[in-house]
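Trainee: Coordinates for the following, if possible.
(chains A and B)
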Amino acid sequence: AQTVTQSQPEMSVQEAETVTLSCTYDTSESDYYLFWYKQPPSRQMILVIRQEAYKQQNATENRFSVNFQKAAKSFSLKISDSQLGDAAMYFCAYRTNDMRFGAGTRLTVKP
Amino acid sequence: SAVISQKPSRDICQRGTSLTIQCQVDSQVTMMFWYRQQPGQSLTLIATANQGSEATYESGFVIDKFPISRPNLTFSTLTVSNMSPEDSSIYLCSVEGAGASYNEQFFGPGTRLTVL
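Mentor: Coordinates of the predicted model:
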C-alpha cells in the first residue's frame, strides 16, 4: 500500500523568511502524481502545487517550489518570503489510482 | 478548476438519525470523491462516487452506513446513516477532471457534523 509520511507535525517561520516542509512516500509505481494542499482554519482545501513523477524538473508556483527526489521518494515544499496568510495545515498527497494524504504539517507564521 | 458547494455547511444531529450531505459542482466532472477528516487529522477516502453505478468504497466503509448517490456529472450526495458520536467529523467532497485539470482534485468547503 502506498503511504505518505510528513515527519513534522508543526513548523514555525518568521514572516519574510523561507521554510521547507518535508514529505516522503512509499510506492512501487513509476508513474504517479504528487501534490501539496493547504488547509487554512476556514478548512477549504486549496491545491498549492503538483508534480508529475515523470518530470525531472521541480515544479514552481510563485513563492512555492518543490524539491522532488524520485529515487529517495522525497517531495518537500519550500515556501519563500513567508506571509501571514501562509499559516495553515499543509498536506502532502500521492496519487495513482486514488489519492493518499499525509498526516499534515501545521505551519505558523510569526510577524 | 471547479467551484464546489456543499450543503449543509454544518449540522448537529442526534444519535441514531441520518444526515444527507449534498455536493454540487459548477461544471461536469469525471470523478467525485467523499472524504472524512476527523478533528486535527488527515483526510481518509470514504468512496468514489460513480455516475450511473454503485459507489466504490474503501476498506472500512460500507454502503449501508454511507450510501452515496451520483445521478449526474455535477451532483452527488453522501448519507451518514444511524449516526453515533464516532461519526462526528468533517465530510469533504472533491472532484477531478474539471476542464483541463486532469489528475488534480478540487475540494468543497466541507460539512462539519457533530453527533450528540
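Trainee: show me what contacts the spatially most central residue of chain A?
Mentor: Closest residue to the average C-alpha location of chain A: A:Trp36 at 3.6 Å, with CA atoms, centre = their mean. By CB atoms under 8 Å, 6 or more residues apart in numbering or on different chains, the contact set of A:Trp36 is A:21, A:23, A:47-50, A:64, A:66, A:75, A:77, A:90-93. C-beta: built from backbone N, CA, C; applies to glycine.
Trainee: Filter those residues down to the buried ones.
Mentor: In the contacts of A:Trp36, burial by neighbour count holds for A:21, A:23, A:47-50, A:64, A:66, A:75, A:77, A:90-93, counting by 16 or more other CB atoms under 10 Å in any protein chain shown.
Trainee: Turn the residues you listed into TSV, including distance to B:Leu19, secondary structure and pLDDT.
Mentor: Below are the buried ones among the contacts of A:Trp36 laid out as TSV (distance: CB to CB, whole Å; DSSP: H, G, I helix; E, B strand; the rest coil; pLDDT from 0 to 100):
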residue	distance to B:Leu19	secondary structure	pLDDT
A:Leu21	35	strand	98
A:Cys23	34	coil	98
A:Leu47	28	strand	92
A:Val48	31	strand	95
A:Ile49	34	strand	94
A:Arg50	33	strand	93
A:Phe64	36	strand	97
A:Val66	38	strand	97
A:Phe75	36	strand	96
A:Leu77	35	strand	98
A:Tyr90	30	strand	97
A:Phe91	25	strand	96
A:Cys92	31	strand	97
A:Ala93	27	strand	95
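Trainee: Using a markdown table, lay out the residues you listed together with distance to B:Pro8.
Mentor: What follows is the buried ones among the contacts of A:Trp36, written out as a markdown table (distance: CB to CB, whole Å):
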| residue | distance to B:Pro8 |
| --- | --- |
| A:Leu21 | 33 |
| A:Cys23 | 33 |
| A:Leu47 | 25 |
| A:Val48 | 28 |
| A:Ile49 | 31 |
| A:Arg50 | 31 |
| A:Phe64 | 33 |
| A:Val66 | 36 |
| A:Phe75 | 35 |
| A:Leu77 | 33 |
| A:Tyr90 | 27 |
| A:Phe91 | 24 |
| A:Cys92 | 30 |
| A:Ala93 | 26 |
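Trainee: low pLDDT regions in the chain?
Mentor: All of this refers to chain A. A:1-2 (pLDDT under 70).
Trainee: ah, no, chain B please
Mentor: Checking chain B against pLDDT under 70 turns up B:98-102.
Trainee: mind checking which helix or strand the most centrally placed residue in it is in?
Mentor: Central residue check for chain B by CA atoms, centre = their mean: the C-alpha nearest the mean position is that of B:Trp34, 3.2 Å away. Using DSSP states H and E, B:Trp34 sits in strand B:31-37.
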